[in-house]
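A.B. asks: My questions are about this predicted structure, shown below with the sequence.
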Amino acid sequence: MKREWQKPELEVLEVN
Amino acid sequence: MIDTKQTIAQLKGNIVSDMGGEKVMLCIKNGKYYNLGAIGGHIWELMSEPTTIEQLVSDLMSVYAVERSDCEEQVASFLKHLMNEGLIEAC
């Protein structure tokens, strides 16, 4: 049973 | 056109942590925090050693239910974003 795929996204959380 | 033979690798100098199943990263170089998400975190782990997009896609397809064309396109877009942020490099 394969896992569900979701589009990979890079989220920038905070700019220090 | 995606060059699936392109070799890519992580750039060092990032602090990576697992948080609730998602991978969170601090880039020392630019001071930014990133959330790679669960699948992005998996891709990051697969790049601990230099690898190709082709290899990444094959590894991901063995774990996730996804068509090759969708996987290639979305992984390439994700990697481009990582490269723009200076987190990975093309070898």
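C.D. replies: All right, it came through fine. None of these values were measured; they are calculated from a predicted model.
A.B. asks: Show me which residues of chain B sit near chain A.
C.D. replies: B:24, B:31-40, B:43, B:60, B:63-66, B:70-71, B:74-75, B:78, B:81-82, B:85 (C-beta under 8 Å from any C-beta of the partner chain). For every residue, glycine as well, the C-beta is placed using N, CA and C.
A.B. asks: Now name the helix or strand holding the closest residue to B:Leu11 other than its chain neighbours.
C.D. replies: Nearest non-adjacent residue to B:Leu11, counting by C-beta to C-beta, 6 or more residues apart in numbering or on different chains: B:Glu89, 5.4 Å away. Assessed by DSSP states H and E, B:Glu89 sits inside strand B:88-90.
A.B. asks: neighbouring strands for that strand, and are they parallel or not?
C.D. replies: Paired neighbours of strand B:88-90 in the sheet (DSSP bridges): strand B:7-10 (antiparallel).
A.B. asks: chain center to the partner strand: distance?
C.D. replies: Mean-position distance between strand B:7-10 and its chain equals 9 Å (C-alpha atoms, centre = their mean, to the nearest Å).
A.B. asks: after that strand comes which helix or strand?
C.D. replies: Strand B:7-10 is succeeded, C-terminally, by strand B:14-19 (DSSP H and E).
A.B. asks: tell me the angle whichever helix or strand comes after that following strand makes with strand B:14-19.
C.D. replies: Downstream of strand B:14-19, the next assigned helix or strand under DSSP H and E is strand B:22-27. Going by axes from the mean of the first three to the mean of the last three C-alpha atoms, to 10 degrees, strand B:22-27 is angled at 160 degrees with respect to strand B:14-19.
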